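S.K.: based on what follows, work out the 3D shape:
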Amino acid sequence: MTDATSQRYNTARLEADADGISRAAEILLAGETVAFPTETVYGLGADATQPQAVARIFEAKNRPSFNPLIVHVPDLEAASRWVDLPDWAEALATAFWPGALTLALPKKTALPDIVTAGHDTLAIRIPATQVAQQLLRAVGRPVAAPSANPSGRVSPTTADHVLDGLEGRIAAVLDDGRCAVGVESTIIGGPEPTLLRPGGVAVEAIEQVLGRSIARQARTDDAAPLVPGQLTSHYAPDAPVRLNATKARPGEILLGFGAIAGERTLSASGDLVEAAATLFALLRELDGVGKPIAVAPIPLDGLGAAINDRLQRAAAPRG
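M.R.: Here you go, the predicted structure:
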């Protein structure tokens, strides 16, 4: 998979100011990895034009080489250098970029195959946070960045979460506090617009922009996912997870939602935006208790689709 050699780092924690962003850009251009904040989760970035740098992502995360990456760029002009944008994709890009939407589109300019796992499409997005934008402009190259956590584990929404899983395995983390959205981006692919992964942009909003319903792709073979986040078991804590629970069984700890109260709750008011923003942090917190986790039912509409997708993968049997 990679010719990178295993090494240990004294992982630097950088402030998200001008000096920290400049230093993070220097590290990325030198071929090393930097975790950085987006509106969704913290990503583990590497210069997408350097295959050995990208290989360090896979090494740090222990990520299987068949699992492709998302590339981040600062604007639509930059995106158009790397992918072809059909009319439907341009409409979605205009409506939702910068933001929590990834488009999986035909590659226009070659990047190392390790980025796309050999597929003819490239997953690309424009993150919305000022820090991510400034970092991408300082680097001046596309940055590949999956979530900054060990592969298959709960995604990080703070710099502390990143360090909990990857300290000593990456060069630096750029700390800008908690991520606002809290679940990864929605992924839409083609040739006709198809939902490949629910995420931070509700599919209803996408359909409204397009003026029609879009297809939902069935789950893919775990040995050949088309885009990130499609593996059956993913986003998983150590503890077993049981879904659609109205109360905890003996020995369990309950994560509530709405009228179902638990030891902790995703949102007492039933707010799906709040639930998405707190999901990964609360899964991490409850995982530390050392008990099986029961989770209250979550509606499937809006951001509920993304929350349920993450919970189903967290609860899936692990091979």
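
S.K.: show me what the longest helix along the chain is packed against.
M.R.: Of all the segments assigned as helix in the chain under DSSP state H, the longest by residue count is helix 272-287. For helix 272-287, the packing partners by 3 or more Cβ pairs under 8 Å, 6 or more residues apart in numbering; DSSP states H and E come out as helix 159-166, strand 253-256, strand 264-265, strand 293-295, helix 304-315. All C-beta atoms are positioned from the backbone trio N, CA, C, and that covers glycine.

S.K.: show me where this structure has helices.
M.R.: Using DSSP H, helices in the chain cover 18-29, 51-61, 76-82, 87-96, 113-116, 130-139, 159-166, 203-210, 272-287, 304-315.

S.K.: residue at max distance from the center of this protein?
M.R.: Pro250 (33.3 Å; Cα atoms, centre = their mean).

S.K.: phi first, then psi, for it.
M.R.: Here is the backbone geometry of Pro250 (degrees, to the nearest 10): phi -50, psi 130.

S.K.: check it and give its pLDDT.
M.R.: As predicted, Pro250 sits at a pLDDT of 97.

S.K.: how far away is it from Leu111?
M.R.: 52 Å (Cβ to Cβ, to the nearest Å).

S.K.: follow-up on the earlier one: and the longest helix of the chain, which residues are buried?
M.R.: Neighbour-count burial for helix 272-287, counted by 16 or more other Cβ atoms under 10 Å, picks out 272, 274-284, 286-287.

S.K.: likewise for stretch 247-256?
M.R.: Quick answer for stretch 247-256 (16+ other Cβ under 10 Å): 248, 252-256.

S.K.: stretch 76-94 too?
M.R.: Neighbour-count burial for stretch 76-94 [16+ other Cβ under 10 Å]: 78-80, 82-83, 85, 88-89, 91-93.

S.K.: hmm, back to that, between helix 304-315 and the longest helix of the chain, find me the angle.
M.R.: Here helix 272-287 runs at an angle of 10 degrees relative to helix 304-315 (axes from the mean of the first three to the mean of the last three Cα atoms, to 10 degrees).

S.K.: what about helix 272-287, average pLDDT?
M.R.: pLDDT averaged over helix 272-287 gives 96.

S.K.: and what of stretch 44-57?
M.R.: For stretch 44-57, the per-residue pLDDT averages 97.

S.K.: show the end-to-end separation of it, please.
M.R.: Counting by Cα to Cα, to the nearest Å, you get 7 Å between the two ends of stretch 44-57.

S.K.: may I see the buried residues of that stretch?
M.R.: Buried-residue list, stretch 44-57, by 16+ other Cβ under 10 Å: 44-51, 53-57.

S.K.: what's the answer for stretch 138-147, then?
M.R.: For stretch 138-147, by 16+ other Cβ under 10 Å, it's 138-139, 142-147.

S.K.: for that stretch, list the C-alpha coordinates in PDB.
M.R.: This file holds the C-alpha atoms of stretch 138-147, laid out as PDB (Å, rounded to 0.1, in the frame of the first residue of the first chain):
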ATOM      1  CA  ALA A 138      -1.800  28.700   2.200                       C
ATOM      2  CA  VAL A 139      -1.000  25.200   0.900                       C
ATOM      3  CA  GLY A 140      -2.100  26.000  -2.600                       C
ATOM      4  CA  ARG A 141      -2.700  22.300  -3.500                       C
ATOM      5  CA  PRO A 142      -5.600  19.900  -2.900                       C
ATOM      6  CA  VAL A 143      -5.500  18.300   0.500                       C
ATOM      7  CA  ALA A 144      -6.700  14.800   1.000                       C
ATOM      8  CA  ALA A 145      -8.400  14.400   4.400                       C
ATOM      9  CA  PRO A 146     -10.500  11.600   5.900                       C
ATOM     10  CA  SER A 147     -11.600  12.000   9.500                       C
END
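
S.K.: can you list contacts of it?
M.R.: 21-22, 24-25, 28-29, 36, 38, 41-49, 54, 57, 61, 63, 67, 69-73, 78, 82, 111, 115, 124, 135-136, 155-156, 184, 228 (Cβ atoms under 8 Å, 6 or more residues apart in numbering).

S.K.: related to what we said a few turns ago, got a markdown table for the buried residues of stretch 44-57, with distance to Glu207 too?
M.R.: Formatted as a markdown table, these follow (distance: Cβ to Cβ, whole Å):
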| residue | distance to Glu207 |
| --- | --- |
| Leu44 | 31 |
| Gly45 | 31 |
| Ala46 | 34 |
| Asp47 | 35 |
| Ala48 | 30 |
| Thr49 | 35 |
| Gln50 | 38 |
| Pro51 | 37 |
| Ala53 | 37 |
| Val54 | 34 |
| Ala55 | 38 |
| Arg56 | 38 |
| Ile57 | 33 |
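
S.K.: looking at those residues, which one is closest to Gly199?
M.R.: Nearest to Gly199 out of the buried residues of stretch 44-57 is Leu44 (Cβ to Cβ; 17.5 Å).

S.K.: and the gap between the closest one and Val295?
M.R.: 27 Å.

S.K.: many thanks, I have nothing further to ask.
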